[in-house]
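Participant: give me a 3D structure for the following:
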Amino acid sequence: METTLTTIPDAILVEILATFPLRSIAGFKLVCKSWKSVIESSYFRRVFASLHQNSSPSWSIMFPTVYHHTIKEVISFHGCETWNLPKPLASYIIPPNLPNAEYLYVASSNGLIWIDVTTCSYKSFVGNPVLQQWVEIPPPPCPCATTGLVTRVDEDGVVSGFKVVRTCQKIEARDRGMYVRRVYVYSSDTGLWTFKRLLNSRPVNHPPVNINGMLYLWERRVGSTKHGVIVAHDFYGPEADDNCQVIPLPDPSGYQDVKSCLTTSGGDVIYIARIYQILKLWKMNKNSENGWWQLSREINMPDVMYFCFCIPMAMNPFDNDIVYLWSQKHHCLVTGNLRTQEFTVHQESEKWTSSEGWCRINTCDSKGYIDHDKSLLILSQFVFQRLLPRPQN
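Facilitator: Residues are numbered from 1 along each chain as shown. From the prediction side, this is the model:
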């Protein structure tokens with residue numbers, strides 16, 4: 001009996017496949033070479049982005065971790081239409097082929113995550129934990145401390161490369177009045193480490209936030225009431241450029257009760273400070289001609305009982321109306337809508353379902369991390385992209 005195989009035109013195939021979440025689409029790429037080619041095309045990405053433009057990707061806000069088998073999230077959002085993940089992002093972070101290893105979450109950028117793993121040897125990996133696509137990073141030429149992860153995003157909004165940044169542990173003397181930061185940079189494009197000397201007028205000593213290929217490190221002098229500066233460097237800028245930008249933070253000098261955090265939201269670097277019962281938010285200007293910072297919010301909160309003694313923790317990665325705070329006095333998490341000035345108190349860990357997905361508030365583990373002496377905070381945002389990443393070599 002003769003059989004006739006009817007092929008589906010690519011345009012119709014795209015319209016059908018683009019209705020599925022990315023986790024399913026990643027599996028469709030394994031069906032055949034033709035489907036793989038269609039899914040990796042720019043046309044498919046545009047159709048998928050158009051169909052899912054109102055759906056948020058999955059994201060988490062994580063604590064810095066120590067070696068253990070459970071990475072802690074302050075807040076997690078999953079189950080959305082874009083990825084349709086049944087579990088929080090942290091539950092997918094398992095070292096490749098090393099299920100019993102001890103591992104450390106180091107950094108993340110645009111859906112890629114960097115973990116350090118210890119078994120009988122020490123290894124580093126960068127990859128997509130949901131798709132279980134990992135790249136092992138060779139050790140740098142000399143002992144180095146972890147610093148940060150940056151990514152390059154192409155015009156389609158897709159990650160096309162990453163760089164791992166490590167700082168040499170050996171301290172180098174100042175050079176002509178400048179502080180020298182000796183770093184090794186691993187590039188996914190070459191698979192090699194390169195040495196780089198970064199010059200800046202201030203030392204840095206806090207974990208960075210990253211956005212658009214840049215690392216922003218917070219410097220704060222011990223014993224000072226001023227909140228110092230941010231030292232920034234573009235690791236996808238000109239190779240010959242070894243200078244760092246020194247960006248002064250808004251100065252709350254004169255105030256003793258200041259709690260603050262550095263975070264990102266909607267593609268912007270955000271600095272949040274709680275000064276007594278006033279919450280102030282500054283957005284970093286992309287063009288510094290009118291000053292580095294623009295005051296975007298100032299809210300007086302004397303009537304909110306749980307706001308007293310609060311520490312700003314982070315912003316929602318996509319909605320800069322939503323802020324997360326920790327109430328030291330009542331030992332609970334507080335979420336605030338800055339547009340409506342409505343605040344919600346989460347006395348216990350909670351999970352709820354909305355039309356977009358599932359959100360989980362982790363109050364229990366937060367109690368073990370936040371203490372009454374913290375005056376500044378940098379948490380890590382692990383945000384998945386709205387599109388599948390391109391295959392990495």
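
Participant: the closest residue to Met284 other than its chain neighbours pairs with what?
Facilitator: Leaving aside its sequence neighbours, Met284 sits nearest to Val269 (CB to CB, 6 or more residues apart in numbering; 4.0 Å). Backbone N, C-alpha and C define where each C-beta goes, glycine included. Counting by DSSP bridges, Val269 is bridged to Thr264.

Participant: any idea how far Trp59 is from Val269?
Facilitator: Val269 is 17 Å from Trp59, where distance means CB to CB, to the nearest Å.

Participant: do the same with Lys33
Facilitator: If you go by CB to CB, the gap between Lys33 and Trp59 works out to 33 Å.

Participant: looking at these two, which is more packed in?
Facilitator: Higher neighbour count among Lys33 and Trp59: Trp59, with 23 against 8, using other CB atoms under 10 Å.

Participant: what's near enough to touch the more buried one?
Facilitator: 76-77, 89, 317-318, 381-384 (CB atoms under 8 Å, 6 or more residues apart in numbering).

Participant: could you check how far Ile361 is from Met313?
Facilitator: Ile361 is 11 Å from Met313, by CB to CB.

Participant: those two: which is more packed in?
Facilitator: Neighbour count, other CB under 10 Å: between Ile361 and Met313, Met313 has more, with 26 against 22.

Participant: for Phe382, see how far away that one is.
Facilitator: Distance from Met313 to Phe382, by CB to CB: 15 Å.

Participant: ok, now Phe125?
Facilitator: 15 Å.

Participant: with neighbour numbers in mind, choose between the two.
Facilitator: More crowded of Phe125 and Phe382, by other CB under 10 Å: Phe382, with 26 against 19.

Participant: where do the helices sit along this protein?
Facilitator: 10-17, 22-28, 33-39, 42-51, 363-369 (DSSP state H).

Participant: take these and write them to a markdown table, including distance to Lys283 and mean pLDDT.
Facilitator: Output for these, formatted as a markdown table (distance: least, CB to CB, whole Å; pLDDT from 0 to 100):
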| stretch | distance to Lys283 | mean pLDDT |
| --- | --- | --- |
| helix 10-17 | 37 | 87 |
| helix 22-28 | 30 | 88 |
| helix 33-39 | 36 | 88 |
| helix 42-51 | 25 | 86 |
| helix 363-369 | 26 | 75 |
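
Participant: Leu192: how many residues sit nearby?
Facilitator: Leu192, neighbours per other CB under 10 Å, totals 9.

Participant: that should have said Met301, apologies.
Facilitator: 19.

Participant: before we move on, back to that, common neighbours of Ile361 and Met313, please.
Facilitator: In contact with both Ile361 and Met313: 74, 333, using CB under 8 Å, 6+ apart.

Participant: pull up the per-residue confidence for the closest residue to Asp154 other than its chain neighbours.
Facilitator: Spatially, and ignoring its direct neighbours in sequence, Asp154 is nearest to Ser160 (4.6 Å; CB to CB, 6+ apart). You'll see Ser160 listed with a pLDDT of 86.

Participant: so Ser160 versus Glu289, what's the distance?
Facilitator: Taken as CB to CB, the span from Ser160 to Glu289 is 30 Å.

Participant: coming back round to it: do I have it right that the residue nearest to Met284 meets Cys261?
Facilitator: No - the pair Val269 / Cys261 is not scored as a contact, 11.5 Å apart, by CB atoms under 8 Å.

Participant: returning to what we had before: neighbour count winner among Ser160 and Glu289?
Facilitator: The neighbour comparison of Ser160 against Glu289 (other CB under 10 Å) goes to Ser160, with 15 against 5.

Participant: residues in contact with Asn290?
Facilitator: Contacts of Asn290 (CB under 8 Å, 6+ apart): none.

Participant: Thr118 against Ala101, yeah?
Facilitator: Yes - the pair Thr118 and Ala101 passes the contact test of CB under 8 Å, sitting 6.4 Å apart.

Participant: those two: which is more packed in?
Facilitator: Legend: neighbour count by other CB under 10 Å for Thr118 and Ala101, higher for Ala101 (17 against 14).

Participant: need the pLDDT of that one.
Facilitator: For Ala101, pLDDT reads 75.

Participant: re earlier: of the contacts of Trp59, grab the buried ones for PyMOL.
Facilitator: Buried residues among these (16 or more other CB atoms under 10 Å), as a PyMOL selection:
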select buried, resi 76+77+89+317+381+382+383+384
